[in-house]
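1. Sequence plus predicted model, see below.
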Amino acid sequence: MMIFTSLLLLLATSALGQTVYDAAHNVTAITGTWSSGSQNVITGSGFATPSQEAFTYPKTTGMSYSFTSDGYYEIARYRMTSNGTVPTCITGVMNWSHGTYVLASNGSIVMTPFGDGYQQIQDPCAAISNFIENYNYTELYVLWNIYQDPVKGYTLQLYQYDGTPLPPQYLISTSPNMLPTQALRNVSGTTTSTTVQNAAVVNANAGERRWDAASLTGLLTVISGLGLASLLL
């Protein structure tokens, strides 16, 4: 996992060049807790209870990212996905993870989990309508910046591996609202591989690497033109 994280940093830096972290790039520090939309999704004990593999459901969907000044992060995500064919089949996903992050000199962020993340998936039309699985992926965000919104104030914009922006998140506290920055539950060596759309990812459980189509395509996009694709084959 450390080798893979280093490779992500090398590839991203080579592909995108250098970024100067000044006031033009960020009007304030990334340290603190950020939340999207109505800001009902917030990291910390009010969202996830890792020791019980449990969640407290927010009033609305959204996402929240927290960062410490010494390199730790936490992510809370709650989303609903509709089914165009069967409108009543709405899939709900509660997702939590935390670990360490690195701000690369090219303007990207690499987030490496502790290995105790998990998510709950509810789908009334699936064979198994409600289950919890491990979620432990290293995530790459190729760009990010912080700007001043005239209404919401400080706003964090993260960009996915393919350049697509995530919903903007607004600063709700300069002090990060997070669970302890260490592994908080025991994790078995097996997990179910899922499609992750917000970053280039690799499964961190038990040293396995399981690539899905979206993650592999995204990572190869990052490294295209560098002559390094052979490292992954």
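-> Alright, I've got the coordinates. Residues are numbered from 1 along each chain as shown.
2. Partner strands of the strand or helix carrying residue 66, with direction?
-> According to DSSP states H and E, residue 66 maps onto strand 62-67. Paired with strand 62-67 in the same sheet, following DSSP bridges, are strand 32-36 (antiparallel), strand 72-81 (antiparallel).
3. what angle sits between the longest strand anywhere in the chain and strand 72-81?
-> Secondary structure of the chain per DSSP state E: the longest strand is strand 91-103. Relative orientation of strand 91-103 versus strand 72-81 (axes from the mean of the first three to the mean of the last three CA atoms, to 10 degrees): 150 degrees.
4. could you say what helices and strands strand 91-103 packs with?
-> Counting contacts by 3 or more CB pairs under 8 Å, 6 or more residues apart in numbering; DSSP states H and E, the secondary-structure elements packed against strand 91-103 are strand 72-81, strand 109-113, strand 118-122. Every residue, glycine included, has its C-beta placed from N, CA and C.
5. Now do the first one: everything it contacts.
-> Looking back up the chat, that one is strand 72-81. Outside strand 72-81, the residues within contact range by CB atoms under 8 Å, 6 or more residues apart in numbering are 41-44, 47-48, 57-58, 60-67, 90-101, 111, 176, 178-179, 181.
6. what about stretch 100-113, how long is it end to end?
-> Terminal residues of stretch 100-113 lie 6 Å apart, using CA to CA, to the nearest Å.
7. can you pull out the helices in this protein?
-> 2-16, 213-223 (DSSP state H).
8. Pick out the shakiest of these, pLDDT-wise.
-> When mean pLDDT is averaged over each of the helices of the chain, helix 213-223 scores lowest at a mean of 37.
9. What is the neighbour count of residue 156?
-> By the criterion of other CB atoms under 10 Å, residue 156 has 22 neighbours.
10. okay but it is in contact with residue 32, surely?
-> No: with contacts defined as CB atoms under 8 Å, residue 156 does not count as touching residue 32, sitting 9.1 Å away.
11. Give the residues shared as contacts by these two.
-> With CB under 8 Å, 6+ apart as the test, residue 156 and residue 32 both reach residue 171.
12. Residue 59 touches residue 40, doesn't it?
-> Yes: with contact defined as CB under 8 Å, residue 59 counts as touching residue 40 (4.7 Å).
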